[in-house]
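1. structure, please.
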Amino acid sequence: MNTDKIRAYLGFALRAGKLALGINAVQATKGKIFLLIADEVASPNSKKQIEQIHTRFGCPILWVEDLEGLTGKPFCKLAAMREENLARAVMSEAEK
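-> Residues are numbered from 1 along each chain as shown. Next up, the predicted model:
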């Protein structure tokens, strides 16, 4: 997984206003979500909420080691990509 490219794609989405950061922000999102990016070290309660969000939106989940480092937001355990092409690019980099 090329974390530098993933960090860049997340930055592009954030600047474009197409990235929701945090569980509460993702839950409040209206519209389509193409990818959920979750931190592996999230608490069991957070993981339960992430699974509920996954069921609600029906999009893939990418589990990463350091979401805080990728997004630059402290204590961030979930991000939602609302831009389809960037979501595909992130998944492509994660599969490498």
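
2. surely Glu40 touches Trp63?
-> Yes. Proximity of Glu40 to Trp63 meets the contact threshold set by C-beta atoms under 8 Å, at 5.1 Å. For every residue, glycine as well, the C-beta is placed using N, CA and C.

3. the two: which has the busier surroundings?
-> Comparing Glu40 with Trp63 by other C-beta atoms under 10 Å, the one with more neighbours is Trp63, at 15 against 11.

4. ok, the closest residue to Phe34 other than its chain neighbours - contacts?
-> Closest residue in space to Phe34, ignoring its immediate chain neighbours: Ala87 at 3.7 Å, by C-beta to C-beta, 6 or more residues apart in numbering. By C-beta atoms under 8 Å, 6 or more residues apart in numbering, the contact set of Ala87 is 34-35, 59, 81.

5. quick one, phi/psi of Asp39?
-> Taking degrees, to the nearest 10, you get phi -90, psi 130 for the backbone angles of Asp39.

6. pretty sure it is touching Cys76, no?
-> Yes. Using C-beta under 8 Å, Asp39 is in contact with Cys76, at 7.3 Å.

7. overlap of the contact sets of those two?
-> In contact with both Asp39 and Cys76: 67-68, using C-beta under 8 Å, 6+ apart.

8. between those two, which is the more surrounded one?
-> Asp39 (23 against 20).

9. that one and Lys5, how far apart?
-> Asp39 sits 18 Å away from Lys5, taking C-beta to C-beta, to the nearest Å as the criterion.

10. ok, Thr55 next?
-> Counting by C-beta to C-beta - Thr55 and Lys5 are separated by 29 Å.

11. ok, the two, which is more surrounded?
-> Lys5 (15 against 8).
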